[in-house]
Structure formats: structure tokens, C-alpha cells
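Asker: A predicted structure for the sequence below; I have some questions about it.
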Amino acid sequence: MLNELREAVRKIPFDPFWIELSSGTEIPVPHPDHVWVRERRAVVEDDKRTIHILSPLHIARIRSQPRESAA
């Protein structure tokens, strides 16, 4: 799962996404600077400046944020 997270962070152009955890918690990733992927874990800073240290075992999926439609 860390490789998928690395790919999502390195995507050009970057598309914001959510990290869904096994607990059901969802962490938004609005910008690549909010994620640091290390060898055995990921560190994510959310929009409230809370730091989450994630084990790949608890990352259930990575999903794209829906694009906002222009009104």
C-alpha cells in the first residue's frame, strides 16, 4: 500500500485524495507536502495540523477526491 501512496503523491499533475484507514477514519491529502512516505510507514499532516503516523497494515485504500463542478 505504501507504493500506491507514493504513486498518488508523485502524480503530475497532483490530484488531492483521501487515505481510508481500517478503522473507517478518512484523512484528506490536499497537497503532496502533507505526506511523507518512509520505508515502513507514512506520516500525514491533516488540515487541522494533526500528525498521523500510519502503518501500511491500517491503510485500507486510497481514493480520489471528487472534483468540484464549476457553477
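Answerer: Received, thanks.
Asker: where does this protein have low pLDDT?
Answerer: Flagging of the chain using pLDDT under 70 yields the residue ranges 66-71.
Asker: what segments of it are strands?
Answerer: 17-21, 26-29, 35-37, 42-45, 51-54, 59-64 (DSSP state E).
Asker: now those in TSV, with mean neighbour count and distance to residue 2?
Answerer: For the C-beta atoms, the positions are set from N, CA and C on the backbone; glycine is no exception. Shown next, in TSV, are the strands of the chain (neighbours: other C-beta atoms under 10 Å; distance: least, C-beta to C-beta, whole Å):
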stretch	mean neighbour count	distance to residue 2
strand 17-21	18	11
strand 26-29	18	14
strand 35-37	18	6
strand 42-45	18	6
strand 51-54	14	9
strand 59-64	14	8
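Asker: can you name the residues that contact the closest residue in space to residue 44 that isn't next to it in sequence?
Answerer: Distances taken as C-beta to C-beta, 6 or more residues apart in numbering put residue 52 closest to residue 44, at 4.6 Å, once the chain neighbours are dropped. Going by C-beta atoms under 8 Å, 6 or more residues apart in numbering, residue 52 touches 27, 43-46.
Asker: swap in residue 31?
Answerer: Counted by C-beta under 8 Å, 6+ apart, residue 31 has contacts 14, 16.
Asker: and if you look at residue 32?
Answerer: Counted by C-beta under 8 Å, 6+ apart, residue 32 has contacts 9-10, 14.
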